[in-house]
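1. With the input below, show me the fold.
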Amino acid sequence: MIMEELPEWAAGIDVNRPSAARMYDYALGGSHNFAVDREATRAAIEILPDALLIARSNRLFLHRAVRFLAAEAGITQFLDLGSGVPTVGNVHEIAEGVNPEARVVYVDIDPVAVIHSRMLLADNPRATVLQADVRQPASILGSSAVAELLDLSQPIAVLMVTVLHFVPDSDDPAGVIDSFREATAPGSYLAISHVIADERAVGINQAGKVYDETPTGVTPRSRAEIAGLLRGYELVDPGLVYLPAWRPDAASMGADPLADNPVRSTILAAVGRR
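-> Okay, here's the model as predicted:
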């Protein structure tokens with residue numbers, strides 16, 4: 001058991017088991033994580049040295065996707081599933097930078113992510129957070145948070161960035177996506193990023209074993225399997241590609257540590273229109 005002095009807000013939280021959301025927070029340089037999360041992340045880095053670079057590249061993809069959706073696609077409503085612990089460049093910050101009237105509902109199963117999101121959003125009437133499991137779409141879509149902030153009769157962007165590989169085949173990830181797609185209006189979008197089982201699968205699978213200690217394991221999938229999850233959506237250019245290759249811009253090219261070798265990201269990304 002890893003012992004550390006805990007803040008008052010951590011009362012009741014299991015700090016002896018790592019969380020994927022808190023590990024990601026640590027990988028991005030955040031401070032809302034515990035010793036067990038840091039130890040698990042360091043173990044993953046030993047197996048997959050690019051892990052921190054991948055986390056950064058993934059965050060930059062999220063930024064570009066949200067800017068595209070807000071600025072080019074005209075989306076003003078966002079449902080961010082598996083949103084994680086708040087860090088620099090949250091979805092509402094990016095979207096509101098394009099359109100101050102943009103509205104965002106964050107969803108995460110991790111209590112730390114939810115606690116800190118509530119603190120961050122306390123004075124923002126256009127954004128809220130819901131603690132829920134992405135594998136239970138009905139509980140999310142039927143929540144008061146969604147009903148009060150989002151209009152599902154109008155186009156919406158559903159974000160599933162580094163979420164679906166935490167949903168095992170036994171929980172039917174395709175069915176989960178179908179539920180959200182069917183609940184949204186034509187003209188809605190889905191943005192995803194997903195670990196791929198490719199030539200680096202051995203290292204990915206070994207690193208993924210670290211996540212077996214978390215409430216969510218990792219299920220890498222082939223390009224064909226990831227593409228299959230996007231059924232019912234028309235992909236916008238450039239389609240399903242490695243993270244740094246999805247609509248790179250001058251800002252991200254300079255900041256993305258994997259821009260010169262996108263395959264190293266081990267994650268495919270895409271945005272599709274319903």
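
2. Run through this structure and note the low-pLDDT ranges.
-> For the chain, applying pLDDT under 70 flags the ranges 1-12, 198-216, 252-253.

3. quick one: buried residues of stretch 72-85?
-> Across stretch 72-85, burial judged by 16 or more other C-beta atoms under 10 Å covers Ala73, Ile75, Thr76, Gln77, Phe78, Leu79, Asp80, Leu81, Gly82, Ser83, Gly84, Val85. C-beta: built from backbone N, CA, C; applies to glycine.

4. Take the residues you listed and keep only those in helices.
-> Per DSSP state H, helices hold no members of the buried residues of stretch 72-85.

5. between those residues, which is closest to Thr162?
-> Closest approach between the buried residues of stretch 72-85 and Thr162, by C-beta to C-beta: Gly82, at 7.1 Å.

6. so that closest one makes contact with Tyr106?
-> No - Gly82 is beyond contact range of Tyr106, at 9.3 Å (criterion: C-beta atoms under 8 Å).

7. now the helices for the stretch 51-200 of the chain?
-> Along the stretch 51-200 of the chain, counting by DSSP state H, counting those that start in this stretch, helices occupy 51-67, 91-98, 111-121, 137-141, 144-149, 173-183.

8. Please enumerate residues in contact with the last one?
-> Contacting residues not belonging to helix 173-183 are listed as 79, 81, 134-135, 137-138, 141, 152, 158, 160, 164, 167, 188, 190, 228-233, 274 [C-beta atoms under 8 Å, 6 or more residues apart in numbering].

9. ditto for the shortest one
-> When contacts are defined by C-beta under 8 Å, 6+ apart, helix 137-141 is touched by residues 79, 81, 107, 130, 132-134, 146, 152, 176, 179-180, 183.

10. separation between the nearest residue to Glu101 once chain neighbours are set aside and Ala269?
-> For Glu101, ignoring the flanking residues on the chain, the nearest one in space by C-beta to C-beta, 6 or more residues apart in numbering is Thr76 at 6.1 Å. For Thr76, the distance to Ala269 (C-beta to C-beta, to the nearest Å) stands at 22 Å.

11. got it, and Ser179?
-> 22 Å.

12. mind checking the end-to-end distance for stretch 186-197?
-> 31 Å (C-alpha to C-alpha, to the nearest Å).

13. Name the residues of that stretch that are buried.
-> For stretch 186-197, by 16+ other C-beta under 10 Å, it's Ser188, Tyr189, Leu190, Ala191, Ile192, Ser193, His194, Val195, Ile196, Ala197.

14. Now, those that are in strands?
-> Mapping the buried residues of stretch 186-197 onto strands (DSSP state E) picks out Tyr189, Leu190, Ala191, Ile192, Ser193, His194, Val195.

15. Next, Ile267: phi, psi?
-> The phi/psi pair for Ile267 (degrees, to the nearest 10) reads phi -130, psi 130.

16. wait, it sits on Ala197?
-> No - in this structure, Ile267 is not within contact of Ala197 by C-beta under 8 Å, at 11.3 Å.

17. residues shared between the contacts of those two?
-> Joint contacts of Ile267 and Ala197 (C-beta under 8 Å, 6+ apart) do not exist.

18. For the chain, just list every one of the strands.
-> 77-81, 103-108, 127-131, 157-161, 189-195, 234-235, 241-242, 267-273.

19. just so I know, which of the ones you listed lies nearest Arg42?
-> Arg42 lies closest, by C-beta to C-beta, to one member of these: strand 189-195, at 19.1 Å.

20. Describe which strands the closest one pairs with in its sheet and in which direction.
-> strand 157-161 (parallel), strand 267-273 (antiparallel) (DSSP bridges).

21. Output those strands as CSV; include the columns distance to Leu48 and mean neighbour count.
-> CSV is the format used below for those (distance: least, C-beta to C-beta, whole Å; neighbours: other C-beta atoms under 10 Å):
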stretch, distance to Leu48, mean neighbour count
strand 157-161, 19, 24
strand 267-273, 12, 24
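
22. Dump these into CSV; add distance to Leu28 as well.
-> Formatted as CSV, these follow (distance: least, C-beta to C-beta, whole Å):
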stretch, distance to Leu28
strand 157-161, 13
strand 267-273, 15
